[in-house]
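1. show me the folded form of this:
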Amino acid sequence: MFLYAAMEGLARRDRPEGKLDEGLLPRVGQGDTSALEALYVQTERAVYALALSILRDPEEAQDVTQEVYLKVRAAAHLYVPQGKPLAWLFTITKNLCRDVQRTRGRTDQAPEGLEDDARFSYVSDPTDRLVLEAALKALGDEERQVVLLHAVSGLKHREIAQDLGLPLSTVLSRYNRALKKLKRYLTEEGIRL
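-> All right, here's what the predicted structure looks like:
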């Protein structure tokens, strides 16, 4: 039960307020730097969380996150409004992550650790850091995506389902299964929360 409370507490911290303004993308496409800045502020944690869930390396995830916004700036004029701007950003993020995996040949390598604050700057609490590090090691790709999108970016399960194009029940199932795996993994490692 403590693990669930810890993950929910982490997800509530700095949760983005309100829905993403889809009108930002056309403005970015017209060269409006304030719109790009607003888009970055509203979506950066979610993009980073997705990149981290795929790459499992905080430094590579930070690099991909920055590259996503360079791509967005270059391609925002091509965005067709469909009510899912975050899903569009997630598609760009996934494609860039696949490029990194192909070029480096590291599709299933776990990170060395998260002890350096600069590498995983969103998480300062040692317990939260421990749980998220365990998530990177112990969870499968799909479970890791849901947990990190919820815990790091603060997206609600319904928002995750919409942005990943999944049924809400699938997202909730993956999240609950992931929490059970995390609890089992941490227990086996001798860590009591």
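2. list the contacts of residue 89.
-> The neighbourhood of residue 89, defined by CB atoms under 8 Å, 6 or more residues apart in numbering, consists of 43, 46-47, 68, 72. Any C-beta I mention is one placed from the backbone N, CA and C, and that applies to glycine too.
3. chain center to stretch 137-156, what's the gap?
-> A distance of 7 Å separates the centroid of the chain from that of stretch 137-156, by CA atoms, centre = their mean, to the nearest Å.
4. pull the CA atoms of it into CSV?
-> Listed next in CSV are the C-alpha coordinates belonging to stretch 137-156 (Å, rounded to 0.1, in the frame of the first residue of the first chain):
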residue,chain,number,x,y,z
LYS,A,137,15.1,-2.1,-14.0
ALA,A,138,12.1,-4.4,-13.1
LEU,A,139,9.3,-3.4,-15.5
GLY,A,140,8.6,-4.2,-19.1
ASP,A,141,8.4,-1.5,-21.7
GLU,A,142,4.6,-1.0,-21.6
GLU,A,143,4.3,-1.0,-17.8
ARG,A,144,7.3,1.3,-17.5
GLN,A,145,5.7,3.8,-19.9
VAL,A,146,2.5,4.0,-17.9
VAL,A,147,4.3,4.3,-14.5
LEU,A,148,6.7,6.9,-15.7
LEU,A,149,4.1,9.0,-17.5
HIS,A,150,2.0,9.0,-14.4
ALA,A,151,4.7,9.4,-11.8
VAL,A,152,7.2,11.7,-13.5
SER,A,153,5.0,13.8,-15.7
GLY,A,154,1.9,13.7,-13.5
LEU,A,155,-0.5,12.7,-16.3
LYS,A,156,-3.7,11.1,-15.2
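5. residues of it that come out buried?
-> Within stretch 137-156, the residues that qualify as buried are 138-139, 142-155, counting by 16 or more other CB atoms under 10 Å.
6. tell me, how many residues neighbour the closest residue to residue 139 other than its chain neighbours?
-> In space, and not counting its chain neighbours, residue 139 is closest to residue 178: 5.3 Å by CB to CB, 6 or more residues apart in numbering. For residue 178, the neighbour count with other CB atoms under 10 Å is 24.
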